[in-house]
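**Q** Please work out how this folds:
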Amino acid sequence: MSDRLTMPPPSFGRRLLSDRRRASILVAGVVAWWTLYALMLAGQMVDLRSASGQAYGWPQALVSAFGSSWAWVPMTLAAYLSVSRFPLGRKRFLAGLAINVGLIAGFIVFKAIYAVVTNPIFDWYPALPPVTEILVTSLRNNVILGVMVVATIHGVVYFERMEEREHRLAALETNLALARLEAVKAQINPHFLFNSLNSVAELMQVDIEQADRMLVAICEMLRDGLRADQKQERPLRDELKHVTNYLMIEEIRLGERMTSHIRVDEACLDVPVPSLSLQPLVENAVVHAIARSRTPGWVSVTGWIDGADLHVSVENSRALEGARKGGNGMGQRVVEERLRLLYGDRGRMHKHEQETDVYRVQIQVPLPERGDPSGRSAQGAPL
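**A** A predicted model of the protein is given here:
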């Protein structure tokens, strides 16, 4: 399997300042839009003056139209950056509304100031009227156009975010498939199956009841890993059930060389977590530390809530005779990437080596917000 993970692109707005090519495309598009608008406006000015019998040539009309239209270029770019950061939506509606109304008011004031500053060049007024009259004229001429600009930018931003959502969902599906494949690989690994079934065969001679429990655990693990309807998230209790089956199998197989403990607060059990996210962490602890050690070892899974986040920690004793020997790390990378895709900056994975004898991997997941019908607030890059 390739170690490469599918990464969704960040939104255009957030890449704007760091991506010169995309910034150039945006600026060129805005300039082209207002150039076309200026040409259309110049044609209207010539037609209206001609219809009223006034002499008004194209050169004069073009100078006036471009002088008015290109003033919108910096305002449009500033509005794009603002709307990308504070779009109008159900979440924080009043704040978004205030910001967008402020944008339109800013257009009106800017155009009034622009008219005063450039009047000697474009001759907007034969003689400058009072400031209040200039503001009223700017309001009358620019409020509808300002609303249209802000509305159009919202359409562009929402389109970008829909596209980004599709990329993110595709990446999540890919990473869920990778997680399932890693889990199934662990479960149908010839060594794992051979050792587990060999342990079952030995137990049949001395403890039929325990052998039966081990077979049931193997079947449940395989069924859980191969489920076609596996969702991106599921309650922590389901993850713990999967991990408990795995740990029980390994405890029986390794005997006195391994002990395990699961201590999770009751309030944590219904919190949604990424499906099959704990299995790779626990498996790494068993395969790359406990099973390779000649001395007894332990694995501990702990869960608790701290503020608005769920924390789940997987700890294990390290082999006294040497450093932990890891595999290719694919399982942990898939878990870390899925946390980022699902929850953005609030989904994290930390690895710690406590002193010399304990290794710990901890994941952090945000709690669902109340009133969210999906049970989880939108995370990651804003959609």
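**Q** what residue ranges in this structure score low on pLDDT?
**A** 1-19, 55, 171-195, 226-230, 319-330, 354-356, 370-383 (pLDDT under 70).
**Q** domains for it, by residue range?
**A** As given by automatic domain parsing, the domain ranges for the chain are 12-165, 189-366.
**Q** How many residues are close by residue 307?
**A** 8 (other CB atoms under 10 Å). Every residue, glycine included, has its C-beta placed from N, CA and C.
**Q** I misspoke; the intended subject was residue 263.
**A** Look at residue 263: counted by other CB under 10 Å, it has 10 neighbours.
**Q** May I ask which helix or strand encompasses it?
**A** Taking DSSP states H and E as the definition, residue 263 sits inside strand 258-264.
**Q** now swap in residue 109 and tell me
**A** Applying DSSP H and E as the criterion places residue 109 in helix 93-122.
**Q** And the helix or strand just after the strand holding residue 263, what does it pack against?
**A** With elements assigned by DSSP H and E, the helix or strand that comes after strand 258-264 is strand 272-274. When contacts are defined as 3 or more CB pairs under 8 Å, 6 or more residues apart in numbering; DSSP states H and E, strand 272-274 packs onto strand 233-235, helix 236-254, helix 330-343, strand 358-366.
**Q** Tell me which of the ones you listed sits most buried.
**A** Of all the helices and strands packed on strand 272-274, helix 330-343 has the most neighbours on average by mean count of other CB atoms under 10 Å, namely a mean of 22.
**Q** after that helix, next one along is what?
**A** Scanning forward in sequence from helix 330-343 by DSSP H and E, the next helix or strand is strand 348-354.
**Q** circling back: which positions in the strand holding residue 263 come out as buried?
**A** Buried residues in strand 258-264, counted by 16 or more other CB atoms under 10 Å: 258, 260, 264.
**Q** and what of stretch 137-148?
**A** Within stretch 137-148, the residues that qualify as buried by neighbour count (16+ other CB under 10 Å) are 137-139, 142, 145-146.
**Q** re the thing from before, name the helices or strands packed onto the strand holding residue 263?
**A** If you count contacts as 3+ CB pairs under 8 Å, 6+ apart, strand 258-264 packs onto helix 236-254, strand 297-306.
**Q** what sits up against the longest one?
**A** Residues outside helix 236-254 that contact it (CB atoms under 8 Å, 6 or more residues apart in numbering): 195-196, 199, 203, 210, 213-214, 217-218, 220-221, 224, 258-260, 262, 264, 268-273, 275-279, 282-283, 286, 290-291, 299, 301, 303, 310, 312.
**Q** Neighbouring strands - and their directions - for the strand holding residue 263?
**A** Within its sheet, strand 258-264 is paired with strand 297-306 (parallel), according to DSSP bridges.
**Q** tell me which residues form a beta bridge with residue 305?
**A** Applying DSSP bridges, one finds that residue 305 bridges with residue 310.
**Q** just checking, it touches residue 268?
**A** Yes. Using CB atoms under 8 Å, residue 305 is in contact with residue 268, at 5.9 Å.
**Q** related to what we said a few turns ago, using PyMOL, make a named selection holding only the buried ones among the contacts of helix 236-254.
**A** One line in PyMOL is enough to select the buried ones among these; burial here means 16+ other CB under 10 Å:
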select buried, resi 195+196+199+203+213+214+217+218+221+224+258+260+264+268+271+272+273+275+276+277+278+279+282+283+286+290+291+299+301+303+310+312
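**Q** Tell me which residues touch residue 367, please.
**A** Contacts of residue 367 (CB under 8 Å, 6+ apart): 271, 305, 308-310.
**Q** what's the closest of those to residue 109?
**A** If you rank the contacts of residue 367 by distance to residue 109 using CB to CB, residue 308 comes first, at 39.9 Å.
**Q** roughly how far apart are the closest one and residue 217?
**A** Distance, residue 308 to residue 217, by CB to CB, to the nearest Å: 34 Å.
**Q** again, but for residue 22
**A** Residue 22 sits 52 Å away from residue 217, going by CB to CB.
**Q** now residue 46
**A** Residue 46 sits 84 Å away from residue 217, going by CB to CB.
**Q** As a check, name the ranges of all helices in the stretch 1-150 of the chain.
**A** When assigned using DSSP state H, counting those that start in this stretch, the helices of the stretch 1-150 of the chain occupy the ranges 12-15, 20-51, 58-69, 72-85, 93-122, 131-188.
**Q** Can you spell out which helices and strands pack onto the second one?
**A** It stands for helix 20-51. Counting by 3+ CB pairs under 8 Å, 6+ apart, helix 20-51 packs on helix 12-15, helix 58-69, helix 72-85.
**Q** closest one to residue 166 among these?
**A** Closest of the helices and strands packed on helix 20-51 to residue 166 is helix 12-15, at 14.1 Å (criterion: CB to CB).
**Q** quick one on the thing from earlier: will you turn the helices and strands packed on strand 272-274 into TSV that also has distance to residue 110?
**A** Listed next are these as TSV, based on distance: least, CB to CB, whole Å:
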stretch	distance to residue 110
strand 233-235	46
helix 236-254	53
helix 330-343	39
strand 358-366	40
